[in-house]
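Peer 1: just need the structure, nothing else, for what follows:
(one chain, ligands or ions: 1)
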Amino acid sequence: MREIKFKVFRFDPQKDKKPYFKEYTIPVKEGMTVLDALIYIKENLDPTLSMRYSCRMGICGSCGMIINGKPELACHTQILELKSETIEVEPTQNLSVIKDLVPDLRPFFTKHRNIKPYIIRDDREEMEKPTREYKQTPEELLEFLQFSYCIKCGLCISLCPTCSAYDDFLGPFVLAQAYRYSADSRDSGFEERLKAIDKTHSITNCHFATGCSAACPKGVDPALAIQFLKKIAVAKSLGGFKKKVAEIAPAPPEKGPNKDKYPPAPKPTV
Ligand code: FES
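Peer 2: Modelled structure (predicted):
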């Protein structure tokens, strides 16, 4: 057991004139994460501390924050691995603060909704009431798979210079999701999505600083997705954007070979 000092960002817009750091010293043992430490502080030292978390296993994306200057998931950051006697914790940057370590992600969730992050099809009836699955090859899946690992933690926003300069820039994870769906062989919604993407501070304002990709705790590469989006948008403006959209799979045969090969399972005897 070791004692480690935590310098935690505190700010309550309801009563504080400006943000400040508050120090807490807590006992740390092997295996404790930064999120465990914040929960310890809240339960034992200061119940007024606010932070956001849910899954505690790096899946929900709620606990993104800046830990010793780096964007990290608090539940996935082992304290002793930081090799530091003092650990500084701040909320994700380029977002306003609701309270303490809770950033306001709502503007980016609205932008995310606007780019229509779902499969859009011309065959609307089949899309709304599907009768069968759409065909997709493993190669077609690989075109977008890594971008579907995004957990919307918002850490990519922290290291994005364009997000810090323009409020209306859609931001790395939103654009990565726009590409994820546009690259999906089952989707034909790029034109609809482009209406939201193609605004004043759009993909062309991305300077390819790549901080977003470095920050992502899931290995997603939003900077690459934005370059792919630029490529599709340019191809479309030159009339060279064509996409063959996946068809629905044919109906299975009424009496397939499997039906003859595998006899019905025996009925239980008791
Ligand atoms: Fe869900 Fe950390 S609590 S990712």
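Peer 1: quick one, helices of the stretch 51-200 of the chain?
Peer 2: 106-114, 124-128, 138-142, 155-158, 161-165, 172-182, 190-197 (DSSP state H, counting those that start in this stretch).
Peer 1: any chance of the ones you listed in a markdown table, plus mean neighbour count, mean pLDDT and distance to Ala235?
Peer 2: For the C-beta atoms, the positions are set from N, CA and C on the backbone; glycine is no exception. As requested, the helices of the stretch 51-200 of the chain are exported to a markdown table (neighbours: other CB atoms under 10 Å; pLDDT from 0 to 100; distance: least, CB to CB, whole Å):
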| stretch | mean neighbour count | mean pLDDT | distance to Ala235 |
| --- | --- | --- | --- |
| helix 106-114 | 15 | 96 | 23 |
| helix 124-128 | 11 | 86 | 25 |
| helix 138-142 | 10 | 95 | 18 |
| helix 155-158 | 28 | 97 | 25 |
| helix 161-165 | 17 | 95 | 23 |
| helix 172-182 | 27 | 97 | 12 |
| helix 190-197 | 17 | 89 | 10 |
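Peer 1: Ala209 contacts Pro161, doesn't it?
Peer 2: Yes. Between Ala209 and Pro161 there is a contact under CB atoms under 8 Å: 5.3 Å.
Peer 1: hmm, back to that, among the helices of the stretch 51-200 of the chain, which is nearest the ligand?
Peer 2: helix 155-158 (10.4 Å; CB to the nearest ligand atom).
Peer 1: okay if I get the helices of the stretch 51-200 of the chain as a markdown table plus distance to Glu247?
Peer 2: Output for those, formatted as a markdown table (distance: least, CB to CB, whole Å):
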| stretch | distance to Glu247 |
| --- | --- |
| helix 106-114 | 28 |
| helix 124-128 | 10 |
| helix 138-142 | 12 |
| helix 155-158 | 35 |
| helix 161-165 | 38 |
| helix 172-182 | 18 |
| helix 190-197 | 18 |
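Peer 1: to Gly58, which of those helices lies closest?
Peer 2: Checking those against Gly58 by CB to CB gives helix 155-158 as the closest, at 11.7 Å.
Peer 1: and that closest one, what does it pack onto?
Peer 2: Packed against helix 155-158 by the contact rule (3 or more CB pairs under 8 Å, 6 or more residues apart in numbering; DSSP states H and E) you find strand 64-67, strand 70-73, helix 172-182, helix 211-215.
Peer 1: partners of the second one, with directions?
Peer 2: Strand 70-73 has the following strand partners under DSSP bridges: strand 64-67 (antiparallel).
Peer 1: wondering if the partner strand reaches the ligand at all.
Peer 2: No. Strand 64-67 does not reach the ligand (CB under 6 Å from any ligand atom); its nearest approach is 7.5 Å.
Peer 1: now that strand, how far from the centre of its chain.
Peer 2: 14 Å (CA atoms, centre = their mean, to the nearest Å).
Peer 1: try stretch 139-159
Peer 2: Taking mean C-alpha positions (CA atoms, centre = their mean), stretch 139-159 and its chain are 6 Å apart.
Peer 1: again, but for stretch 183-200
Peer 2: 18 Å.
Peer 1: just stretch 45-54 next, same as before
Peer 2: For stretch 45-54 - counting by CA atoms, centre = their mean - the centre lies 23 Å from the chain centre.
Peer 1: so for that stretch, what gets flagged as buried?
Peer 2: The neighbour-count check on stretch 45-54 (16 or more other CB atoms under 10 Å) flags 49-53 as buried.
Peer 1: need the contact partners of it.
Peer 2: Outside stretch 45-54, the residues that touch it by CB atoms under 8 Å, 6 or more residues apart in numbering are 8, 10, 22, 24, 26, 35, 38-39, 41-42, 60, 62-63, 65, 74-75, 98-102.
Peer 1: of the residues you listed, select the buried ones using a PyMOL command.
Peer 2: To isolate the buried members of those in PyMOL, using 16+ other CB under 10 Å:
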select buried, resi 8+10+24+26+35+38+39+41+60+62+63+65+74+75+98+99+100+101+102
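Peer 1: which ones among the contacts of stretch 45-54 are found in strands?
Peer 2: 8, 10, 22, 24, 26, 65, 98-99, 102 (DSSP state E).
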